[in-house]
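# Provided below are the primary sequence and the corresponding predicted coordinates.
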Amino acid sequence: MSNQKLIIIRGYPGSGKTTVGKALARESIGIFIDHNKILTFLAGIVSNDLGIYDEIQALEQAIAKKLLADNKNVIVARGFSKRETVEIYINIAKETQSEIYILRLEVSDSNLRSRVVAEERNKDYNPTITEADLSAWMHENPMEIIESEHEIDANKPMSQILSHVLRILGP
């Protein structure tokens, strides 16, 4: 088996998926494929991804597959509430003989509510920027448990979260 890693970061809106993905990329752990950046910076879309969500996800998968085939580590962060959405990436990891790490960020409801309305979330594409949006998303997308995923307490400071993730990922 080759040494490249596919790192999946999942959780509810406001759980810190993008923040953790960017932090891992800054640590040179892998290339972060950022849904928000694809929409905001490449396409200039800041309102919503209605009608193109599946196409954006297919683009992310194609990019991940190519990078892994080129022996690069890849980080993907999305809600990934359903098992079936993660299975697509598990298959990509198998196909490219990559190690897969699935990280589920857990955050208290009160922290989620305060994070989701933070001004920082308005700087690029984020469909969930109100408490009502968050409640609707959580109701429509209950988080399914995935075998062999690592639960991360994302209520902690980012330095502690990052240390925990780096221990999981190993050398």
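That came through fine.

# going forward, measure contacts and count neighbours with C-alpha atoms only.
Fine.

# Summarise which helices and strands the strand ranked longest in the chain is packed against.
Ranked by residue count and defined by DSSP state E, the top strand of the chain is strand 99-106. Judged by 3 or more CA pairs under 8 Å, 6 or more residues apart in numbering; DSSP states H and E, strand 99-106 is in contact with strand 5-10, helix 83-95, strand 150-153.

# Report the contact partners of Q57.
Q57 sits next to H35 when contact means CA atoms under 8 Å, 6 or more residues apart in numbering.

# What strand or helix carries it?
helix 53-69 (DSSP states H and E).

# what's the angle between that helix and strand 99-106?
140 degrees (axes from the mean of the first three to the mean of the last three CA atoms, to 10 degrees).

# quick one: average confidence on the helix or strand following helix 53-69?
As assigned by DSSP H and E, the chain's next helix or strand after helix 53-69 is strand 74-78. Averaged across strand 74-78, the pLDDT comes to 93.

# Check the offset of strand 74-78 from the chain's centre.
Distance of strand 74-78 from the chain centroid (CA atoms, centre = their mean, to the nearest Å) equals 4 Å.

# Next, the buried residues of stretch 3-23.
Neighbour counts over stretch 3-23 (16 or more other CA atoms under 10 Å) mark 4-18, 20-23 as buried.

# With stretch 149-168 instead?
Neighbour-count burial for stretch 149-168 [16+ other CA under 10 Å]: 152-155, 161-162, 165.

# Could you list the low-confidence segments of the chain?
Residues of the chain that meet the criterion pLDDT under 70 lie in 1-2, 39-51, 122-127.

# mind putting the helices and strands packed on strand 99-106 in CSV, distance to L59 included?
Formatted as CSV, the helices and strands packed on strand 99-106 follow (distance: least, CA to CA, whole Å):
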stretch, distance to L59
strand 5-10, 16
helix 83-95, 13
strand 150-153, 26
